[in-house]
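Participant: Prediction below, plus the sequence it came from.
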Amino acid sequence: MNGVGAGVWPYLFIVLAGFAATDLWRILGVFLSARIDEDSEVLLWVRAVATALVAGLVARLVIYPVGDLASTALTVRLAAAAIGIATFFIVRRNMLAGILAGEAALLAAVWLVPG
Amino acid sequence: MRGETTDAGGWSRSDAVRMGAARALSVPGIVLFGSFLGFGAFARAAGLDAGQSLFVTIAVFALPGQVVLVDQIAGGAGVVATAIAVTLTAVRLLPMTVAILPVMRTSRTSIPKQVLLSHFVAVTVWIESMRRMPDLDRRLRIPFFLGVVLTLWPICMIATVLGYYMAGGVPLPISAALILLTPLYFLLSMMSAARHRIDWLAIAGGLCLGPVFHLYAPGLDLLWTGLAGGTFAYLLGRARRA
């Protein structure tokens, strides 16, 4: 099952591809914070790319899920996400309410709807 | 309620730390606890062990990047491809860092200290801090920020490990629900943070293109989704604004 391996390499991998790849931007942010305008054109585009990337990941995690979520029906997952989003907007952009509603919808569907 | 007081006249720095911790222990702490339970479960499903999963939370402390990292590891991607995918999700931390530091630092905050503080710039911390810090006396802002992060960071670590071990021993629906928490949290926190038309276009573009590129460009799908969806959003948002 474990396709990752043991020993030092996974940790080094996480440091290089996780920590360094992430904190690079945080540290760059420290040095640019004195000079760069947050609304500059390049940052607008860069932030749009990052946002689209994360949204793409969201879609993938819902449509092609991993682990036990894969045992639920696609329609159930999409409905749960839709209910979460709808609740989020109805309760004035309340993230907790949206998340709880989406989760409740998933659990209700899995428990109450056989098959 | 003292937590709502904005006049900082009689406040000590430790008061500000406590106030940050109190903020962190409400909604943001609950959301992150649940989300990192989900991350722990996800990391286990992807084949990491508990120590590796915890280390990802400590070292990265930004959920989208963590999920991309673990997803790439599970898919057998190389260190360079993984770093590129992770770094693309982390780009959003740059403007967030640029925006928060001028609010937070004092004239005596050294660069090394700012670098240290920047490790904790993540969506939830950023939202909570930016909402409260402007009302605080400047000397209390870093203590407040530290109160938030020194509460949320351990919450995320504990939840990661708990989620990891719970994922094996809980009923399937609960385990499925924990995994769903991550995308739900991402989506809603992106929608919470969205202010401009470009943000909404990028969210919509990414949601639509993600599954398409997953089928036609596996491996580099997130990269293409980000570049295509983001550029589309930028150009369209720009054109509409002009």
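Facilitator: Sure, I can see it.
Participant: only C-alpha atoms for contact and neighbour calcs from this point on.
Facilitator: Noted.
Participant: the domain parsing of chain B - what is it?
Facilitator: Domain assignment for chain B by automatic domain parsing gives B:13-193, B:195-242.
Participant: Now mean neighbour count, mean pLDDT and distance to A:Leu107 too, for these, in TSV please.
Facilitator: What follows is these, written out as TSV (neighbours: other Cα atoms under 10 Å in any protein chain shown; pLDDT from 0 to 100; distance: least, Cα to Cα, whole Å):
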stretch	mean neighbour count	mean pLDDT	distance to A:Leu107
domain B:13-193	21	89	6
domain B:195-242	21	88	23
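Participant: Turn those into a markdown table, columns for distance to A:Leu74.
Facilitator: Formatted as a markdown table, those follow (distance: least, Cα to Cα, whole Å):
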| stretch | distance to A:Leu74 |
| --- | --- |
| domain B:13-193 | 12 |
| domain B:195-242 | 13 |
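Participant: now the ones you listed in TSV, with distance to chain A?
Facilitator: Putting the domains of chain B into TSV (distance: least, Cα to the nearest Cα, whole Å) gives the following:
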stretch	distance to chain A
domain B:13-193	4
domain B:195-242	4
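Participant: Now do the helices in chain B.
Facilitator: In chain B, the helices defined using DSSP state H lie at B:13-24, B:27-46, B:50-60, B:63-74, B:79-90, B:93-104, B:111-118, B:123-132, B:138-169, B:172-193, B:197-216, B:221-241.
Participant: of all these, which lies closest to A:Gly56?
Facilitator: The minimum distance between A:Gly56 and those falls on helix B:197-216, with 3.9 Å, by Cα to Cα.
Participant: Packing partners of that closest one?
Facilitator: For helix B:197-216, the packing partners by 3 or more Cα pairs under 8 Å, 6 or more residues apart in numbering or on different chains; DSSP states H and E come out as helix A:41-63, helix B:221-241.
Participant: helices or strands next to the helix or strand that the longest one is followed by in the packing?
Facilitator: The C-terminal neighbour of helix A:41-63 among helices and strands, as given by DSSP states H and E, is helix A:74-90. In terms of contacts (3+ Cα pairs under 8 Å, 6+ apart), helix A:74-90 is packed against helix A:41-63, helix A:95-112, helix B:172-193.
Participant: Now distance to B:Gly205 too, for the ones you listed, in TSV please.
Facilitator: TSV is the format used below for these (distance: least, Cα to Cα, whole Å):
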stretch	distance to B:Gly205
helix A:41-63	6
helix A:95-112	21
helix B:172-193	13
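Participant: how about the ones you listed, which one is nearest B:Val79?
Facilitator: helix A:41-63 (18.9 Å).
Participant: For the helices and strands packed on helix B:197-216, please prepare JSON lines with the additional fields distance to A:Leu16.
Facilitator: Listed next are those as JSON lines, based on distance: least, Cα to Cα, whole Å:
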{"stretch": "helix A:41-63", "distance to A:Leu16": "20"}
{"stretch": "helix B:221-241", "distance to A:Leu16": "18"}
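Participant: Tell me which of those sits nearest to B:Thr124.
Facilitator: Judging the helices and strands packed on helix B:197-216 by Cα to Cα, what sits closest to B:Thr124 is helix A:41-63, at 15.3 Å.
Participant: average pLDDT across that closest one?
Facilitator: Average pLDDT, helix A:41-63: 84.
Participant: so how far is that helix from its chain's centroid?
Facilitator: 10 Å (Cα atoms, centre = their mean, to the nearest Å).
Participant: try stretch A:107-115
Facilitator: With Cα atoms, centre = their mean, you get 25 Å for stretch A:107-115.
Participant: With stretch A:12-31 instead?
Facilitator: 19 Å.
Participant: now the end-to-end length of it.
Facilitator: 26 Å (Cα to Cα, to the nearest Å).
Participant: for stretch B:163-177, same thing?
Facilitator: Stretch B:163-177 has its terminal residues 12 Å apart, counting by Cα to Cα.
Participant: roughly how far is it from the heart of the chain?
Facilitator: That offset, for stretch B:163-177, works out to 22 Å (Cα atoms, centre = their mean).
Participant: Run through who's touching that stretch.
Facilitator: Residues outside stretch B:163-177 that contact it (Cα atoms under 8 Å, 6 or more residues apart in numbering or on different chains): A:67-72, A:103, A:106-107, A:110-111, B:36-44, B:50, B:53.
Participant: on that earlier part again, I'd like to know which of the helices and strands packed on helix B:197-216 lies nearest to B:Gly10.
Facilitator: helix A:41-63 (39.6 Å).
Participant: List the buried residues in that closest one.
Facilitator: Buried residues in helix A:41-63, counted by 16 or more other Cα atoms under 10 Å in any protein chain shown: A:43-63.
Participant: Repeat that for stretch A:79-87.
Facilitator: Across stretch A:79-87, burial judged by 16+ other Cα under 10 Å covers A:79-87.
Participant: avg pLDDT for it?
Facilitator: Averaged over stretch A:79-87, pLDDT sits at 97.
Participant: So A:Val46 sits against B:Val91, correct?
Facilitator: Yes: with contacts counted by Cα atoms under 8 Å, A:Val46 reaches B:Val91, the gap being 7.0 Å.
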